[in-house]
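Colleague: For reference, the sequence and a predicted model appear below.
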Amino acid sequence: MTTAAAAVGERTGSVRPATMAQALGRALRDSMAADPTVHVLGEDVGTLGGVFRVTDGLAKEFGDDRCTDTPLAEAGILGAAVGMAMYGLRPVVEMQFDAFAYPAFEQLISHVAKMRNRTGGAMPLPITVRVPYGGGIGGVEHHSDSSEAYYMATPGLHVVTPATVEDAYGLLRESIASDDPVVFLEPKRLYWSKAAWSPEAPAAVEPIGRAVVRRPGRSATLITYGPSLPVCMEAAEAATSEGWDLEVVDLRSLVPFDDETVAASVRRTGRAVVVHESSGFGGPGGEIAARVTERCFHHLEAPVLRVAGFDIPYPPPMQERHHLPGVDRVLDAVARLQWEAES
Amino acid sequence: MTVQELPGTAAYRPTPPPAWKPLTDPAPLLPDPEPYRVLGTEAAAEADPELLLRLYAELVRGRRYNAQATALTKQGRLAVYPSSTGQEACEVAAALVLEERDWLFPSYRDTLAAVARGLDPVDALTLLRGDRHTGYDPREHRIAPLCTPLATQLPHAVGLAHAARLKGDDVVALAMVGDGGTSEGDFHEALNFAAVWRAPVVFLVQNNGFAISVPLAKQTAAPSLAHKAVGYGMPGRLVDGNDAVAVHQVLGEAVARARRGEGPTLVEAVTYRMEAHTNADDATRYRGDSEVEAWRAHDPIQLLERALTGRGLLDEERIGAVREAAERMAAGLREQMNADPVLDPMDMFTHVYEQQTEQLREQAARLRAELEAGHDESGAEERR
Ligand SMILES: Cc1ncc(C[n+]2csc(CCOP(=O)(O)OP(=O)(O)O)c2C)c(N)n1
C-alpha cells in the first residue's frame, strides 16, 4: 500500500482551526490535484458541494467530469464506479447518508468486494465509498444508522473511520491511494469538530490498518473508534477521580484490524471495554472482544465488556440520547471490570 | 438495401427474421407533448363548482400548514420540514381523488397529502418532530408511513394493490415520488411489476425541478418523466401540477382506469418547489431568483382563485372565510406542537418484535435503572 499522504509535502501551510468536514474536503482536493485519475461522484456533490459541504468547490476547481452530480441512484453510482475503476480511474463515491447506501449493497458486496478475488488478482478496484454514519445529530428516521458491521462482515472491503480532524485527512488520502476498495465511514456528529490543523501534519500518517493509543493509561483499555472516541476520552478523564487510569485505543481501521496495538494495550492493562454506538448483538464489539480474549486470555483480569447501542432500530431523535452510549454507561462498564470483587 | 452477390458463389439469400411486432401499441401510451391544463382554458367553465371550492379550501389550508410547519422548525419544535409550498395542488388532488378504501403511499415531502386525506395535522408531523417514526396507524387511515428512502415505497404500493385485487377488493393505491426518485432502481422495478401484473396502481411523480440541488436535466435525458411509462407498457400522462383541477382530473381518470382493472398509469405533474429542499438547505447555491419568481406568477392558489372569481363562485367574503378556517387550523397546530410530547423511553424496546426478546427485556431494565438512578443517559445531548 502506498502512503499518498507522504507525498503531500509541496505545500507550506499554517496551523489553523479546521473542521473534520473541511479536512475531508481538503483530502479530496489534494488527491484530485495529485492524481488525474481520481474522480468524485455522487448526489449533490457538485454545485451544492454535498449536503455536508465536504465536496465544496471541487466541481469548480476540477470541472463536472471530475466531480460529478449523478442521477439519484446509489446502485447506479457504485455500479458505474466499478466500470470506471475497471478502466483505470480511481472513483471516490459519496453516499449521502448511511441508510441511503443500502440500494448499493448488491454492487458493493457482489462486485466491489469480490472483483480482485474473482479475477485471480487481475482486476483490483481502487474505489473509495464515503459514507456519513451514526447518530447524535437529531436526524429523522434513516439518517442515523451505524452500518459498520455489515461492511466488516464482507471480505474484500477495507473499513476505515476517522475520529480526529488529522485522521480525516490522512486516512482519506490513504484510502483513495489504496488499490483495494475502502468503505470510508465518516462520523456525522464529528463533522463540525475542530482542531488546530495543518495539511502537512498528517504526512506522518501510517498506512490504513493501524490503531493508535490516544491516551495512555494503566488500569484498563477502552477500545473504540469514530463517533465514540470523544465519549471515551471524556470517560477516561472522569474516571481519574475514581482512581482509574484508562488507556484509550482508537482503532481508526476496522478492516484490517490492528491486533498488535490492541493486544499490546490490553496486555499492559489487563482489562478492556469495547465502546461503539451501533447495536451490540452481532456488532463489531463481539468480534473485537473475541479477538482480544484469544490473544490476551492469560493477561485478562476480567471479561472483555461491551458498551454499545441497544439492539433496536435507531430510535427517533427525541429518544436517541437514551440509545447512544454516553460517558455514564462507559463508566458503569469500567466499574464492572473489578471482576474479582464480584466472583 | 441490396445484397451484394459475391463472385463465384451462389446467390446469398438471407433468411428474414420471424415477423415481430410489439405487444402493445406505444401510441396511446405516449403522453401529450404539453402538460394538460384546465384553468385558464374554456374547460374551466365546465368544472364542478363544488369540487373547485373544495380544492380551493384545501389549497389555502395546505399553504398555511406549510408556513406554520416551517415556522415550527425555526422555533425548534420540528427537527426538519420539507415544505410543499407551490406543490399543494398535487398534494391535495392526490388525497381527494381517492376513496376511503384506497391507499396512499406518500414520500417524506407529502405530509400535506396525508393531512388532506384526513390525518390529524400533529400525527402527520411526528416523523419530522422526531418523537415517533410514524404517528398514526397506516391501516386505520390507509396511508403508508411517510417514506424517507427514495422510491422504496413504490413497490409496496404495487404489492398492496396486487394483493387487494387477488382478494377481489375494489382498492386502488396511489404512490407519490419526486423527480429525483424516478432514477432509483426501485422506481423501475415497481413500474415493471405494476404493468406486468396490471396492478391497480397510480404513480404520481411531482416534478418540482430539483432533487435537492440537482436539476431535472442532470437527472434524466428523457423527453419527460411521463415518457418513462411507455417502456413498461403503461400510459404516461403529463399534467400542469399547479392546476389543481387538471391534476384532479388526470389522477381521477388514472384511478378510474385502475379500478376498472385496466392497470397502472404514470402521471407526471410539472410543478416547482418554491422553498428550499428543507429548512436546512440553502437553495441560493443552485438556483436563481428569476426562476423562482417566474413560477410565483403561476401559483396554484392564484390560478384557482382567478377561475373561481371569474365564475362568480368566490368573493371577498368567502375568501375570508376560507382563510379564517386555515388560520384556525394553524393556531391549533401551533398550540399542540408547543406542548412537549410525553415520551416513554421504554417504548424504544416494545415494538421491535411482537414478543420482546429476553435480551431486549434486559436492556430495557438496564435503561430503567439508569433513569431511576438519575443518570443523564448519555453525553450526546450536552455535546451538541
Ligand atoms: C435512497 C435515497 N438516497 C438519497 C436520499 C437523500 N435525499 C433525500 S431527498 C433527496 C432529493 C429527492 O429529490 P426528489 O425525488 O426530486 O424529491 P423532492 O425532494 O424534490 O420532493 C435526496 C437525494 C434518500 N432520501 N434516499
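Modeller: Structure received.
Colleague: which residues are in contact with stretch A:121-131?
Modeller: When contacts are defined by CB atoms under 8 Å, 6 or more residues apart in numbering or on different chains, stretch A:121-131 is touched by residues A:24, A:42, A:54, A:78, A:81-82, A:85-86, A:90-95, A:98, A:101, A:104, A:108, A:111-112, A:115-116, A:147, A:172, A:175-176, A:178-186. (Each C-beta comes from the backbone N, C-alpha and C, glycine too.)
Colleague: try stretch A:290-301
Modeller: A:223, A:257, A:259, A:262-263, A:266-267, A:270-272, A:274, A:303-304, A:337, A:339-340.
Colleague: Quick check: which ranges of the stretch 1-150 of chain B have low pLDDT?
Modeller: Applying pLDDT under 70 to the stretch 1-150 of chain B picks out residues B:1-11.
Colleague: Apologies, that question was intended for the stretch 101-250 of chain A.
Modeller: In the stretch 101-250 of chain A, residues with pLDDT under 70: A:201-206.
Colleague: who's in contact with whatever residue of it ends up closest to the ligand?
Modeller: As assessed by CB to the nearest ligand atom, the ligand sits closest to A:Pro103 within the stretch 101-250 of chain A, at 5.6 Å. A:Pro103 makes contacts with A:Ala73, A:Glu74, A:Ala75, B:Pro149, B:Glu184, B:Gly185, B:Asp186, as judged by CB under 8 Å, 6+ apart.
Colleague: Return only those of these found close to the ligand.
Modeller: A:Glu74, B:Pro149 (CB under 6 Å from any ligand atom).
Colleague: would you list the contacts of A:Pro103 in JSON lines and tack on neighbour count and secondary structure?
Modeller: Formatted as JSON lines, these follow (neighbours: other CB atoms under 10 Å in any protein chain shown; DSSP: H, G, I helix; E, B strand; the rest coil):
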{"residue": "A:Ala73", "neighbour count": "25", "secondary structure": "coil"}
{"residue": "A:Glu74", "neighbour count": "28", "secondary structure": "helix"}
{"residue": "A:Ala75", "neighbour count": "17", "secondary structure": "helix"}
{"residue": "B:Pro149", "neighbour count": "19", "secondary structure": "coil"}
{"residue": "B:Glu184", "neighbour count": "24", "secondary structure": "coil"}
{"residue": "B:Gly185", "neighbour count": "17", "secondary structure": "helix"}
{"residue": "B:Asp186", "neighbour count": "20", "secondary structure": "helix"}
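Colleague: what ranges do the helices span in the stretch 1-150 of chain A?
Modeller: Assigned by DSSP state H, counting those that start in this stretch, the stretch 1-150 of chain A shows helices spanning A:20-34, A:58-62, A:74-86, A:105-106, A:115-118, A:148-152.
Colleague: Single out the most deeply packed of those.
Modeller: Most buried of those by mean neighbour count (mean count of other CB atoms under 10 Å in any protein chain shown) is helix A:20-34; its value is a mean of 23.
Colleague: which residues touch it?
Modeller: A:4, A:7-8, A:18, A:38-40, A:52-58, A:61-62, A:66-67, A:92, A:130, A:162, A:164-166, A:168-170, A:172-173, A:176-177, A:186-187, A:190-193, A:197, A:199.
Colleague: which among these end up buried?
Modeller: Taking 16 or more other CB atoms under 10 Å in any protein chain shown as the criterion, what is buried in these is A:4, A:8, A:18, A:38-40, A:52-56, A:58, A:62, A:66-67, A:92, A:130, A:162, A:164-166, A:168-170, A:172-173, A:176-177, A:186-187, A:190-191, A:193, A:197, A:199.
Colleague: The stretch 251-384 of chain B: helices as residue ranges?
Modeller: Going by DSSP H, counting those that start in this stretch, the stretch 251-384 of chain B shows helices at B:289-296, B:300-310, B:316-338, B:347-350, B:358-372, B:380-383.
Colleague: Deepest in the core, which of those is it.
Modeller: Comparing the helices of the stretch 251-384 of chain B on average neighbours, where mean count of other CB under 10 Å defines a contact, helix B:300-310 leads with a mean of 20.
Colleague: For stretch B:164-178, what does the pLDDT average out to?
Modeller: Throughout stretch B:164-178, pLDDT has a mean value of 97.
Colleague: And for stretch B:283-299?
Modeller: 95.
Colleague: And chain A, is it touching that?
Modeller: Yes: for stretch B:283-299, a contact with chain A is found by CB under 8 Å from any CB of the partner chain, at B:Arg285, B:Tyr286.
Colleague: rewinding a little: dump the helices of the stretch 1-150 of chain A into TSV; add distance to B:Val122 as well.
Modeller: Below are these laid out as TSV (distance: least, CB to CB, whole Å):
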stretch	distance to B:Val122
helix A:20-34	35
helix A:58-62	41
helix A:74-86	33
helix A:105-106	36
helix A:115-118	50
helix A:148-152	35
